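J.: structure for the following, please:
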Amino acid sequence: MNRKERYVYILNYFRKKMPNVSTELHFGSAFQLLVSTLLSAQCTDKRINQITPALFRRYPTPQEMAKAEVEDVLEYIKTVSYPNAKSKHLVEMARMIVDDFGGIVPETMEELTKLPGVGRKTANVLQAVWFGKATMAVDTHVYRVSHRLGLVPKTANTPYKVERELLRNIPKEDVPDAHHWLLLHGRYVCLSRIPKCPECPFGSFCPKLLENSKLE
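T.: Numbering: from 1, shown residues only. Have a look, this model is predicted:
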């Protein structure tokens, strides 16, 4: 099965299996999604969903968080990874949204990545999930699964290269969902250390033994 055929097979499977899919993060606004996505770096969505209800009750909007001190926010997120850096980024991000964007979360890549702590992956999540744009966020799961299933060549050795390769091959209308399809497959089936290959629907053609498959 060549790469084009793999895309067709995998996308058809997910369209039928998961026609309605979105992030597992809990949020009620663009700002809350932005906060949750920033916090989720190097941390599980489950952990983020455990701490954000209290955080959002106290700081539901950028206007409220912009008034906070870093130490105050830290108390709410101290159980996540890198809490000191993330609490600093959250407060600075909220202040920039208020001061530079009139309290409204921006929607372009250029504007989003100006915000402290917001990289390309986080910006792509916001654009896809909240603004409905055809953007592809490449996290560790998407990167790993894309290589293991042979969706990208071995030369796609950075998240950005994987992003561009996926965007070239996935129909625009599928792109927002495809991010979640690949991410969830990596989170629950194609695990990093011990993948659940017997549960994988793509085992018959998975190129896991090929060079650069990322599957040890």
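J.: domain assignment for the chain?
T.: Listed domain ranges for the chain are 30-130, 136-199 (source: the TED database).
J.: and the helices in this protein?
T.: 3-17, 30-39, 45-58, 62-66, 70-77, 83-101, 109-112, 120-125, 140-148, 159-169, 175-188 (DSSP state H).
J.: what about those, which gets the closest to Gly203?
T.: Proximity to Gly203 (Cβ to Cβ) singles out helix 140-148 among these, at 11.3 Å. Where you see a C-beta, it was placed from the backbone N, CA and C, and this is true even at glycine.
J.: let me see the mean pLDDT of the closest one.
T.: On average, the pLDDT along helix 140-148 is 93.
J.: same question, stretch 183-200
T.: Rounded mean pLDDT across stretch 183-200 is 91.
J.: next one: the residue lying closest to Ser40 once chain neighbours are set aside from Ala66, what distance?
T.: Nearest residue to Ser40 in three dimensions, chain neighbours excluded: Ile48, at 5.0 Å (Cβ to Cβ, 6 or more residues apart in numbering). In this view, Ile48 and Ala66 are 21 Å apart by Cβ to Cβ, to the nearest Å.
J.: now swap in Gly132 and tell me
T.: Taking Cβ to Cβ as the measure, Gly132 falls 27 Å from Ala66.
J.: looking at these two, which is more packed in?
T.: Between Gly132 and Ala66, counted using other Cβ atoms under 10 Å, Ala66 has the larger neighbour count: 19 against 10.
J.: pLDDT weak spots in the protein?
T.: 207-216 (pLDDT under 70).
J.: how many neighbours does the nearest residue to Phe101 once chain neighbours are set aside have?
T.: Taking Cβ to Cβ, 6+ apart, and ignoring the residues beside it in sequence, Phe101 has Glu111 as its nearest neighbour in space, at 7.1 Å. Here the number of neighbours of Glu111 (other Cβ under 10 Å) works out to 16.
J.: ditto for Arg6
T.: Residues lying near Arg6 (other Cβ under 10 Å) number 18.
J.: now do Met1
T.: 13.
J.: that one against Cys206, yeah?
T.: No - contact criterion Cβ atoms under 8 Å: Met1 and Cys206 do not qualify, at 9.8 Å.
J.: end to end on stretch 116-133, go ahead and measure it.
T.: Stretch 116-133 has an end-to-end distance of 22 Å (Cα to Cα, to the nearest Å).
J.: and that stretch, which residues are buried?
T.: Neighbour-count burial for stretch 116-133, counted by 16 or more other Cβ atoms under 10 Å, picks out 117-118, 120-130, 133.
J.: and it, how far out from the chain middle?
T.: 8 Å (Cα atoms, centre = their mean, to the nearest Å).
J.: got the contact list for it?
T.: With Cβ atoms under 8 Å, 6 or more residues apart in numbering as the contact definition, stretch 116-133 has outside contacts at 22-23, 30, 33-34, 37-38, 41, 85-86, 88-90, 92-93, 96, 105, 107, 109, 112-113, 134-139, 159-160, 163, 175-176, 179.
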